[in-house]
Every structure is written in structure tokens, then in C-alpha cells.
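**Q** This is the structure alone, sequence omitted:
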């Protein structure tokens, strides 16, 4: 969908690993040299009775690339060599390589020089039609936040989407006699400070949006924000600086039910 919209070329990359043969990928270099990745994907889609990719990819320029070695590094190096504007990948694969792919996704989200798009972290095989109507932009109000907001605004303008800025403050729950309770004074101070800094960020970028402010566990709160705003895409400002969003990068991908774009 994005390639059609932006008239972009697709570089379809597969990095051969020890587990690749379990997914039907040839093991020898001679077999790999003659292997048609696109045809294999379409054939597998037809086996699963999913929508055939042929019509979706019609009219697009597609370059097929096979690599080997460390998966994350190969993806990053290929993206740099080919001057990719965006890396797109699933958040996990089949059960046997779920944790491997999750590790790769986490590395890419923190290290890639271009934005990384991961599909919704849900175990379902049906085709999901993506529609960019509501975009949630998560900011930690650090050095990367300005870029994340401007990137989100530009992307939203392409599709006429509504934008909501989301920020998660530190937890406001304290342990006391009888269990946990919320420190209302601390909560008020954190929200007030966050609201002020978000207003300054909006003034600096010229991007005026709705605002969501929560506190506590970052992935859980952002998942709640997704549900509350009806967002179709979460933009997460993570790379290259530290901060809470980078720390919880893959946890956020796992927690929300929509695609995550790490910029």
C-alpha cells in the first residue's frame, strides 16, 4: 500500500539462517541463486488460502535480495547500501523462530539509520487491510521528540490522518498501609509538567494535535492510548538517543495491536 502511494521500489530481502530451511528456503548457494523469493511467498499465501499477493504487487518495481550472516546486521547494511527510506518487517514469525525474530526487531528499532515499521503483533493469518486514519505519536520529550512529531505530521498529511501526541510519565502509585495508592500531588505535578513541555513542543514544531498523557508502565499505557484514540498506527520516537521509549521499544511493539513505526 505504501509503495503504491509513494511510487516506491520494494527491496524484498531474505537473510538465510540455520532455520530458513524449515520455512522452505533452499540451503545451498546454488539453489539459493535460482530461488525466486516472490514466487515462493505467493505460493505459500495460496496454500494458506490468504489473498494472493500477485494483484497487490502488480505495477510495482521489486528487487529480490538474498543475504546471509547476522540477520540484524545484514538488514541494516542492506538498507544503508540500497539507500532505503523505510524498513518493514513482521514483529514475529512462526513459533519456532518467534524469539529470534523478536530479537532482530528490537535491534533494528534501536540501530537502523532509517525508520523501522513492524506489523501488528498479533497471531492471525488473515489479511489485514491497513488504513491510516488515526496516528498516535509517542514522545518521551527528549531530543528525538521533535523529529518524531515532524515525521508523524508529514506522514499524516499524506493520508489526511488525525494525530494524537502521547506521553507516559513515571508511575504515581506508592506502597503504603493497606496496599497501593496514588500520590495525587505527584500525579498533578507530573501531568502539569508534561502538558507544559508538550505545548512547547507543539509550538516549536507548529504541529497542533490532541494530547494523551498517562503514567506507569509504558507499553501497557500506550496500549490503552491506542484503544482510547482508535489509532491505526503508533509512531515511536526511539533512535538514536536513549530514553524510556527506546528502553521499552520491543515491549511496546508486543503490547499494542497495531503497526509500530520506530523513527
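**A** Cool, got the structure. Computed from a predicted model, the values in this text were never measured in an experiment.
**Q** and the helix or strand containing residue 199, what's its mean pLDDT?
**A** Using DSSP states H and E, residue 199 sits within helix 184-205. The average of the pLDDT scores along helix 184-205 is 90.
**Q** Buried ones in it, by neighbour count?
**A** Neighbour counts over helix 184-205 (16 or more other Cβ atoms under 10 Å) mark 186, 187, 190, 191, 194, 198, 201, 205 as buried. The way it works is simple: take the backbone N, C-alpha and C, and place the C-beta from them, glycine included.
**Q** and which of those residues is nearest residue 4?
**A** residue 205 (28.7 Å; Cβ to Cβ).
**Q** The closest one contacts residue 150, doesn't it?
**A** Yes - if you go by Cβ atoms under 8 Å, residue 205 and residue 150 touch, sitting 5.6 Å apart.
**Q** Which elements pack onto the next helix-or-strand element following the helix holding residue 199?
**A** Sequence-wise, the next helix or strand downstream of helix 184-205 (DSSP H and E) is strand 210-215. Other helices and strands packing on strand 210-215, by 3 or more Cβ pairs under 8 Å, 6 or more residues apart in numbering; DSSP states H and E, are strand 162-169, helix 184-205, helix 218-229.
**Q** nearest to residue 87, of these?
**A** Residue 87 lies closest to helix 218-229 among the helices and strands packed on strand 210-215, at 21.1 Å (Cβ to Cβ).
**Q** What average pLDDT does that closest one get?
**A** The pLDDT scores in helix 218-229 average 94.
**Q** Each with direction, which strands does the helix or strand just after that helix pair with?
**A** Note on helix 218-229: by DSSP H and E, the next helix or strand toward the C-terminus is strand 233-236. Its sheet considered, strand 233-236 pairs with strand 134-138 (parallel), strand 260-262 (parallel) by DSSP bridges.
**Q** circling back to that earlier point, and the buried residues of helix 184-205, which two are furthest apart?
**A** Greatest spatial distance in the buried residues of helix 184-205: 186 and 205, 28.5 Å, computed using Cβ to Cβ.
**Q** one step back: now do the helix holding residue 199: everything it contacts.
**A** The contact list for helix 184-205 (Cβ atoms under 8 Å, 6 or more residues apart in numbering) reads 139, 141, 145-146, 149-150, 153, 165, 167, 169-170, 172, 208-209, 211, 213, 215.
**Q** Show me the beta-bridge partners of residue 66.
**A** Under DSSP bridges, the beta-bridge partners of residue 66 are residue 14.
**Q** Tell me the predicted confidence for it.
**A** As predicted, residue 66 sits at a pLDDT of 81.
**Q** how many other residues sit next to it?
**A** 18 (other Cβ atoms under 10 Å).
**Q** Then residue 160?
**A** Neighbour count of residue 160, defined by other Cβ under 10 Å: 8.
**Q** thinking again about what came up before, out of the helices and strands packed on strand 210-215, nearest to residue 131?
**A** Nearest to residue 131, of all these, is strand 162-169, at 12.1 Å by Cβ to Cβ.
**Q** contacting residues around that closest one?
**A** So strand 162-169 is contacted by 133-141, 149, 152-153, 156, 190-191, 194, 198, 201-202, 207, 209-216, 218, 221-222, 225, 229, 231, 244 (Cβ under 8 Å, 6+ apart).
**Q** Tell me which strands it pairs with, and in which orientation.
**A** strand 134-138 (parallel), strand 210-215 (parallel).
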